[in-house]
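Peer 1: predicted coordinates and the sequence they were generated for:
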Amino acid sequence: MDGGEMRLPSFTLHRLPTLADHLGGGDRPAAAIPNPIARHPLYHPSPSFFISDNDVAFDPSGVRAAIVTCGGLCPGTNTVVRELVVGLWELYGVRAVFGVRNGYHGFYSEGEEPLPLEPATVRHWHKAGGTALGASRGGFDLARIVDGIERRGFNQVYAVGGDGTMRGLVEILREARRRGLAVAVAGVPKTVDNDVGVIDRSFGFHTAVDEAQRAIAAAHVEAESAANGVGLVKLMGRSAGHIALHATLSSRDVDCCLIPEEDLYLRGPGGLFEFLYRRLKRNGHVVVVVAEGAGQRLIPRPTCGEQRRDESGNPAFLDVGAWLKAELRAWWAEEHAGEPLTVKYIDPTYMIRAPVLHAAGALGDPRRHGRVPGFVPGPINGNYGYIPVDEVAEARNPVDTRDHKWAWVRSVTNQPDFAQSTEDKALAGLYKAV
Ligand SMILES: Nc1ncnc2c1ncn2[C@@H]1O[C@H](COP(=O)(O)OP(=O)(O)OP(=O)(O)O)[C@@H](O)[C@H]1O
Ligand SMILES: O=P(O)(O)OC[C@H]1O[C@](O)(CO)[C@@H](O)[C@@H]1O
Ligand SMILES: [Mg+2]
């Protein structure tokens, strides 16, 4: 991070007032009524449960709930949707639950009517990866989305998505309030990158880390089976290195983990290639895990030069794995001509986020109990809390390279600290500013 201090926002956990305290103002959907759970024969929440017995703002018979899934796929998304539907239906007696198709534009696109959902519809959804409702990027037309919510009479909206989805949800919430609509809007943070701020992690993140193990193990086999074998694995995660970091710790076969939060340089004293050469001489093979967002400032951009973006405006990355492989081979030919080198590059990409959730993710549970308008439930330091959706939407969650986990990676891999200051690298003529 350019040698500067990394500032991470600090958050103080407050004990939130109960739902009834939030029923003032324009979003009072209805007079508070006895909580159906209190009378439910099979459900006895613990005394410290999120809500009290009389904390319900909606008469279940009047609820029309919409569930939408947005952004990239993440293991467990179907589980969350299933839990929301079953909980609303069985515990709260809601009989009008709808699945919005293919992300935010499903609120307004012609010919994609929201799908009526009930327990029988979603019964097996948790056994499949991806999202049965479909997801998308882009297509966020605020006026048309809120028109769609208003036209269909939705008075509860659950958005399952990552940082982008949460930012969109803040806009929807504000527009609904501006129009005086009695709509409870709740976010369910979902991202395989774990780059949604404030919460400890998103459901599905550990499954992605698990799935990455197969690619790392294959890279290790390939590297061990060749003279000077290099196994190179690129892992997704956008501009955060959480998947690469955790996959490295889980594997123990990794010699070097490269993440976007740590600058790196390739050639010269203390550089990556010198380290890899020494490790190859010692062990005969190396495994390198590189996060897709690492090294982007070093990779020469195509002549057109401008930053490509996806439909949601997220930056599209240059392939750091292919670049590293090419650069290493070129350096080796210059510095160690005649010595054998084998580089096997593995990019599992979508294979780590498309599978079904490994753990029995029951994370839908807190979502359906606490719809404090404008808040997002999620685990914070191991406790479930409610976080204002605009805080979640704006909080970034980079890897904190000063904390114990990154130190743990460095102790496991014994990799050097490539994050020299830019000035040092410029002096060493190693840093090609692009
Ligand atoms: N600042 C924003 N304001 C309004 N809508 C947004 C904003 N950023 C993203 N969106 C919309 O939210 C949806 C999802 O965003 P995006 O594609 O960035 O994925 P995400 O929610 O961040 O999930 P993931 O990072 O896991 O892929 C898209 O429809 C996108 O248009
Ligand atoms: O789904 P797309 O548009 O190919 O985007 C891939 C991106 O989505 C994610 O899986 C989730 O944001 C990222 O890790 C990855 O870079
Ligand atoms: Mg995102």
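Peer 2: On my side now, so go ahead. If you're wondering where the values come from, they're calculated on a predicted model, not measured in any experiment. Ligands and ions are numbered 1, 2, ... in the order given.
Peer 1: domain parsing for the chain?
Peer 2: 19-203+359-394, 205-295+311-354 (automatic domain parsing).
Peer 1: those: lowest mean pLDDT?
Peer 2: Looking at the domains of the chain, the lowest mean pLDDT belongs to domain 19-203+359-394 (a mean of 83).
Peer 1: off-centre distance for it?
Peer 2: 17 Å (C-alpha atoms, centre = their mean, to the nearest Å).
Peer 1: can you check stretch 337-355 too?
Peer 2: For stretch 337-355 - counting by C-alpha atoms, centre = their mean - the centre lies 23 Å from the chain centre.
Peer 1: that stretch close to ligand 2?
Peer 2: Yes: applying C-beta under 6 Å from any ligand atom, one finds stretch 337-355 in contact with ligand 2 at Arg353. All C-beta spots, glycine's among them, are computed from the backbone N, C-alpha and C.
Peer 1: tell me the buried residues in that stretch?
Peer 2: The neighbour-count check on stretch 337-355 (16 or more other C-beta atoms under 10 Å) flags Leu341, Val343, Lys344, Tyr345, Ile346, Asp347, Pro348, Ile352, Arg353, Ala354, Pro355 as buried.
Peer 1: burial count for the nearest residue to Trp125 once chain neighbours are set aside?
Peer 2: Among residues not flanking Trp125 along the chain, Asn78 sits closest, at 4.1 Å (C-beta to C-beta, 6 or more residues apart in numbering). As a burial measure, Asn78 scores 25 neighbours (other C-beta atoms under 10 Å).
Peer 1: over to Cys257?
Peer 2: 28.
Peer 1: surely Glu339 meets Asn228?
Peer 2: Yes: between Glu339 and Asn228 there is a contact at 6.5 Å, judged by C-beta atoms under 8 Å.
Peer 1: what are the ranges of the helices in the protein?
Peer 2: 36-39, 77-86, 119-122, 142-152, 163-178, 205-224, 242-251, 272-283, 320-335, 364-369, 389-394, 404-413, 422-427 (DSSP state H).
Peer 1: of all those, which one is nearest Ala96?
Peer 2: helix 142-152 (9.8 Å; C-beta to C-beta).
Peer 1: show me which residues of the closest one are buried.
Peer 2: Arg144, Ile145, Val146, Gly148, Ile149, Glu150, Arg152.
Peer 1: what parts of the stretch 201-350 of the chain come near ligand 1?
Peer 2: Near ligand 1, when you scan the stretch 201-350 of the chain using C-beta under 6 Å from any ligand atom, you find Ser312, Asn314.
Peer 1: point me to the residue of the stretch 201-350 of the chain nearest ligand 2.
Peer 2: Met236 (3.4 Å; C-beta to the nearest ligand atom).
Peer 1: what residues does the closest residue to that residue other than its chain neighbours make contact with?
Peer 2: Counting by C-beta to C-beta, 6+ apart, Glu292 is the residue found nearest to Met236 once chain neighbours are left out, at 5.3 Å. Glu292 is in contact with Lys234, Leu235, Met236, Gly237, Arg238, Phe317, Val320, Gly321, counting by C-beta atoms under 8 Å, 6 or more residues apart in numbering.
Peer 1: just the buried ones out of those residues, please.
Peer 2: Buried, going by 16+ other C-beta under 10 Å: Lys234, Leu235, Met236, Gly237, Arg238, Phe317, Val320, Gly321, out of the contacts of Glu292.
Peer 1: what is the nearest of these to Phe58?
Peer 2: Comparing these against Phe58 with C-beta to C-beta places Arg238 closest, at 35.8 Å.
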